[in-house]
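K.L.:
build me a model:
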Amino acid sequence: MSIDEVADSLPPMLKIIHERVERLSLQNLGSAIYYLKEMAIAGLPWSIKYEQLIYDILNESHKKRANLTIIGSCFMACAMSHLLSLGVVHRQSKNLIEFIKSTLLPHILNEKKSIDKNQICALVWTIALAGECIEVPQSLLLYFINTGVVNSLSKANEISRMLWGFTYFYIQSSSNELTHALKKSMNILFKKLELCLEKRDGYPEKELKTYTKTLVLAAFWLNIYVDVYTLTSYYDYSKVNISKSQETLLKNMRKFFNKEIIESEKGEAGFSPLDILLTEYRFGVEFQGPFHYSDHASLEMVGSTIIKLMTYRKKGYTVIGIPVVDISDEKVVELFKEIKQHIDKCKQPIGLNLRNRFDVFLDEPTK
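P.N.:
As a prediction, this is how the structure comes out:
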């Protein structure tokens, strides 16, 4: 597709951006990424023409990077990270990630004292959403924590997002100092969100579900008891949409397992459901389509997928994540056969090693 063909096929707003990209300020270039992100959230069709536009925006942003302000860097980092977390960017994901890591994060780190609480909250949440493709400097996370921002948050939306983001970084942390600091902040945020949920009738159902799931997730990782069944009594997993490819994979799986032990879109109360769950064996399968990855080339997972897999792992499940985009139906069927043989032989799906053969993500339960 030529540049002219791209321009002709763009929606009106994006066509204007495309035609004026060289004259746009960094603020407007950031707004263009934000607009693309909002289109993706709204579920509008994504195509190669948007990839070309992202390429042009990044090129122009790189040329004008000397004019970056701290507000602009935070805004662009949030918009780009959120866009990556939606799993729609293909050809330009590497360029987006590189711009965040090499240009925006260093600038944010150098000018961190100028960042306000709203920017900190947005950064923590959106970068956590993007997942493993972006590594935040530990010093920056510690600075965010030490600002005392968690004590100043009062809105349920801000508290929930900050708590979810800190939970992601807590799960990923390999530093005792960072882990301790995150845990202390998570405890504060947990109590704040718990107080907000005492007024549960004051929130729309969708927001209430998000806040409740964040609370239950944090409680699990902090080893805090909550009455999960009461909190989540209104959940209805039967409304979950199952794709045609997932239906086919489920049908194939039931050829090799007892039908009564196969559950689709089920999970433990309060936690995101797994695509396939074998409760009897504490074994689960996730069919990971394109929306599970921020970078499709390297299969770097988004934050929500990492949290789900690591949480079930900590709960004692073995969870296999199958990258559906890269695995054929024949390999899936062969994989199911080997899982069945393992369960029949061991009665406990621990130690299954199929990573090299099938290129699947395998979690073994903690002991």
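K.L.:
contacts, neighbours, all on C-alpha from now
P.N.:
Fine.
K.L.:
any idea how far the longest helix seen in the chain is from the chain center?
P.N.:
Counting by DSSP state H, the longest helix found in the chain is helix 176-197. Computed by C-alpha atoms, centre = their mean, to the nearest Å, the chain-centroid distance of helix 176-197 equals 20 Å.
K.L.:
buried ones in it, by neighbour count?
P.N.:
By neighbour count on 16 or more other C-alpha atoms under 10 Å, the buried set for helix 176-197 is 178-179, 181-183, 185-187, 189-190, 192-194, 196-197.
K.L.:
pairing partners for the helix or strand hosting Val319, with directions?
P.N.:
Element membership for Val319, per DSSP states H and E: strand 318-323. Using DSSP bridges, the strands paired with strand 318-323 are strand 283-288 (parallel), strand 361-363 (antiparallel).
K.L.:
rank those by mean pLDDT and give me the bottom one.
P.N.:
Here these differ in mean pLDDT, and the lowest is strand 361-363 at a mean of 34.
K.L.:
and Leu68, its phi and psi?
P.N.:
When quoted as degrees, to the nearest 10, the phi and psi of Leu68 stand at phi -60, psi 140.
K.L.:
got a pLDDT number for the closest residue to it other than its chain neighbours?
P.N.:
Using C-alpha to C-alpha, 6 or more residues apart in numbering and skipping residues adjacent in sequence, the residue nearest Leu68 is Leu26, 7.0 Å away. We have a pLDDT of 90 for Leu26.
K.L.:
Leu26 and Ser61 touch, don't they?
P.N.:
Yes. Counting by C-alpha atoms under 8 Å, Leu26 touches Ser61, with 6.2 Å between them.
K.L.:
related to what we said a few turns ago, can I get the strand holding Val319 in CSV? Just the C-alpha atoms.
P.N.:
Output of strand 318-323 as CSV, limited to C-alpha atoms (Å, rounded to 0.1, in the frame of the first residue of the first chain):
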residue,chain,number,x,y,z
THR,A,318,-0.1,-26.0,36.2
VAL,A,319,-1.1,-23.7,33.4
ILE,A,320,-0.1,-24.1,29.8
GLY,A,321,-0.4,-21.0,27.6
ILE,A,322,-0.7,-22.0,24.0
PRO,A,323,0.1,-19.2,21.5
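K.L.:
thinking again about what came up before, what is the burial count for the residue nearest to Leu68?
P.N.:
24 (other C-alpha atoms under 10 Å).
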